[in-house]
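Engineer: fold the following, please.
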Amino acid sequence: MAKEYKFMFDRRFDEPEEEEKEEASVPAEPAERNVPDDIPAPVPSISEILDTLSEQVPDLNLETPVSEKPQEEENQPTETPAPPPPPPPPPPPPPGFTEEEMQAARDAAFEEGHQKGLEEGRKSAWDEAMLSVEKQQADTLEKIASLLKEMEPFCQKVSAQAFETAVEFAFAVCKKILPALNKRDGLNEIRALLEQNFRFLKEEPKISIRLNPALADPIKQHIAQIVIKESYPGKIAVIRDENIALGDCRIEWKNGGLERNTQDILNQTEELLRLYGQSSPDSTNKGEQHG
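Structural biologist: Numbering: from 1, shown residues only. Next up, the predicted model:
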């Protein structure tokens with residue numbers, strides 16, 4: 001901690017006493033000196049000037065107080081001020097270009113702009129062409145969709161007609177083939193009919209079989225084999241009937257009968273084909289639309 005010292009002035013600043021005031025008010029008469037006129041007056045020193053001023057102006061404090069610095073501050077080394085920064089370098093001179101360099105720069109800029117314009121032109125032309133192609137494709141697809149929509153009723157009509165034609169053709173084939181099948185396999189069909197149903201007729205005392213005269217004699221051999229096989233004790237009569245088609249037969253007993261009729265087979269076939277035609281997709285769609 002710094003040590004404090006009281007500053008002692010050589011001059012009093014309080015109110016002087018009356019005697020001192022009287023003495024101060026009476027100025028001292030300067031002593032007369034015999035000084036030759038040709039000798040210049042001596043120059044007063046600074047201390048004499050200060051004393052004269054202090055006598056003439058009592059309240060003026062010409063003594064500068066000397067403050068005692070702490071010992072620590074005196075012992076501290078004095079810092080040397082940093083040197084001023086160097087001045088900034090002067091700006092570089094503006095660049096200069098020759099006429100050849102300027103012309104080369106213009107040519108390069110022109111070529112760059114030309115290439116850029118070509119690229120943009122190609123890109124614009126390509127985009128425009130692609131838009132045109134896409135528009136053509138969209139128009140074509142839209143036209144195809146419109147044509148397909150217009151063709152849909154026609155296709156449905158053609159499909160229905162084709163299906164009906166196929167059904168009619170199948171029925172015509174059946175009508176054409178069935179008589180030939182009866183002529184070739186009619187005897188076997190009648191024998192199969194007797195074998196499948198004779199076990200239900202064992203208790204009947206008499207059975208009558210009506211068929212075409214062309215098949216009367218050949219069927220007797222098969223009937224004899226069935227009677228022996230089934231041990232039938234009754235009687236079986238074979239009746240020739242020209243009204244019965246070849247391959248047809250009618251089996252009769254006391255309380256019932258059994259018949260094979262080619263026309264009934266054709267009717268059943270036609271009914272099945274009709275039902276099949278009603279279950280076709282076109283018929284189903286029409287039924288749903290009407291519903």
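
Engineer: quick one, helices of the protein?
Structural biologist: 18-25, 46-56, 71-75, 99-197, 216-230, 262-278, 281-290 (DSSP state H).

Engineer: got a markdown table for those helices, with distance to Pro205 too?
Structural biologist: (Glycine included, C-beta is placed from N, CA and C.) Listed next are those as a markdown table, based on distance: least, C-beta to C-beta, whole Å:
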| stretch | distance to Pro205 |
| --- | --- |
| helix 18-25 | 194 |
| helix 46-56 | 187 |
| helix 71-75 | 161 |
| helix 99-197 | 17 |
| helix 216-230 | 13 |
| helix 262-278 | 28 |
| helix 281-290 | 52 |
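
Engineer: and the ones you listed: which comes nearest Ile251?
Structural biologist: helix 99-197 (7.2 Å; C-beta to C-beta).

Engineer: count the residues that sit near Asp185.
Structural biologist: Asp185 is flanked by 12 other residues according to other C-beta atoms under 10 Å.

Engineer: oh, I was asking about His222
Structural biologist: His222 has 16 nearby residues by other C-beta under 10 Å.

Engineer: follow-up on the earlier one: indicate which one of the helices of the chain is closest to Asn243.
Structural biologist: That would be, of the helices of the chain and by C-beta to C-beta, helix 262-278, which comes in at 12.3 Å.

Engineer: what lies in contact with that closest one?
Structural biologist: 163-164, 167, 170-171, 174-175, 178-179, 182, 245, 247-248, 283 (C-beta atoms under 8 Å, 6 or more residues apart in numbering).

Engineer: which of those count as buried?
Structural biologist: Neighbour-count burial (16 or more other C-beta atoms under 10 Å) is assigned, among those, to 163, 167, 171, 178, 182, 245, 247-248.

Engineer: kindly reformat these as TSV containing distance to Gly256 and pLDDT.
Structural biologist: Output for the buried ones among the contacts of helix 262-278, formatted as TSV (distance: C-beta to C-beta, whole Å; pLDDT from 0 to 100):
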residue	distance to Gly256	pLDDT
Phe163	41	82
Val167	35	82
Phe171	31	84
Leu178	26	83
Asn182	24	82
Ala245	22	87
Gly247	22	86
Asp248	18	89
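
Engineer: so where's the protein shaky on pLDDT?
Structural biologist: In the predicted model of the chain, residues 1-44, 54-79, 280-291 satisfy pLDDT under 70.

Engineer: and Glu203, which of the helices of the chain is closest to it?
Structural biologist: Across the helices of the chain, Glu203 has its closest neighbour in helix 216-230 (11.5 Å, C-beta to C-beta).

Engineer: the closest one to helix 99-197, inter-axis angle?
Structural biologist: 80 degrees (axes from the mean of the first three to the mean of the last three C-alpha atoms, to 10 degrees).
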